[in-house]
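In: Need coordinates for the following:
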Amino acid sequence: MQTATLVTHEEYFDLLAKSDLKLEYNSGEVTAMAGAQPAHNRICVTLSFALENCLGTGDCLILSNDQLIKVEGCDKYTFPDLVIICKQPLYEKSGRGLEALMNPEIIVEVLSDSTEAYDRSEKFDCYKTIPSFREYVLVSSKKKKIEVIKKINEAEWLSHTYTEKDEYVMIGECSIALDKIYNKVDLPDLKTIGF
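Out: Numbers count the residues shown, from 1 in each chain. From the prediction side, this is the model:
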């Protein structure tokens, strides 16, 4: 549900600090994030664990869906499902003590029916304005399908879609078994569940 009047960044951070819900900011409009389905939540856990196993001993950080991201080029603050950063993280600190990451490198969104179109279009276009952003990972919560979109240069992005026919998915420098990501995930398109 969106607010009727536009709010400032300061008012947004005040609302965020007082709210039990995640609130995203888009050019003065504040939107409450809906809760996620079990498949979505499970994928976030399995993918986070697999990425941590791959990247945990190096310089990269994997941050969960509680990490706020600042998208200055679109005057937007969002909560992606997962974020990877391998350089020194830069944060915008608000007066309320909240910190928004300013230089994400890899952003992961687990798709749902209500957010897929937005994640693929407007949100992706905004993420592209972040200079450090180099890879976008869109994970289906309905079937074994992951799209990895990598930045080639300022004007070009290369998309590779992994499906149940693929054994591994490349995210950043990590080769992750597709079955590990979808382990114990109840997918509507599958008759059996990998327990």
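
In: Who's the closest spatial neighbour of residue 26, skipping the chain neighbours?
Out: Using C-beta to C-beta, 6 or more residues apart in numbering and skipping the chain neighbours, the partner closest in space to residue 26 is residue 76 (5.1 Å). To be clear about C-beta, it is placed using only N, CA and C from the backbone, and glycine gets the same treatment.

In: I should have written residue 115 there, sorry.
Out: residue 109 (7.5 Å).

In: Kindly report the same for residue 127.
Out: Excluding its sequence neighbours, the residue lying closest to residue 127 (C-beta to C-beta, 6+ apart) is residue 133, at 5.3 Å.

In: Would you mind measuring from the one you found to residue 98?
Out: Between residue 133 and residue 98 the distance, using C-beta to C-beta, to the nearest Å, works out to 21 Å.

In: So the two - more neighbours on which side?
Out: Remark: of residue 133 and residue 98, residue 133 carries more neighbours, 20 against 15, as counted by other C-beta atoms under 10 Å.

In: In this structure the more buried one contacts residue 123, no?
Out: No. Shown here, residue 133 and residue 123 do not form a contact pair, counting by C-beta atoms under 8 Å, at 11.5 Å.

In: can you give me how far the longest helix along the chain is from the chain middle?
Out: Counting by DSSP state H, the longest helix found in the chain is helix 38-55. Between the centre of helix 38-55 and the centre of its chain there are 12 Å (C-alpha atoms, centre = their mean, to the nearest Å).

In: Show me where this structure has its strands.
Out: In the chain, the segments counted as strands under DSSP state E are 23-26, 29-32, 61-63, 68-71, 76-78, 82-85, 91-93, 99-101, 106-111, 135-140, 145-153, 156-163, 168-171, 174-177.

In: among the ones you listed, which is nearest residue 12?
Out: Of all the strands of the chain, the one in closest proximity to residue 12, counting by C-beta to C-beta, is strand 23-26 (4.7 Å).

In: Pull the residues that contact the closest one.
Out: Strand 23-26 is touched from outside by 7, 9, 12, 15-16, 30-33, 74-79, with contacts defined as C-beta atoms under 8 Å, 6 or more residues apart in numbering.
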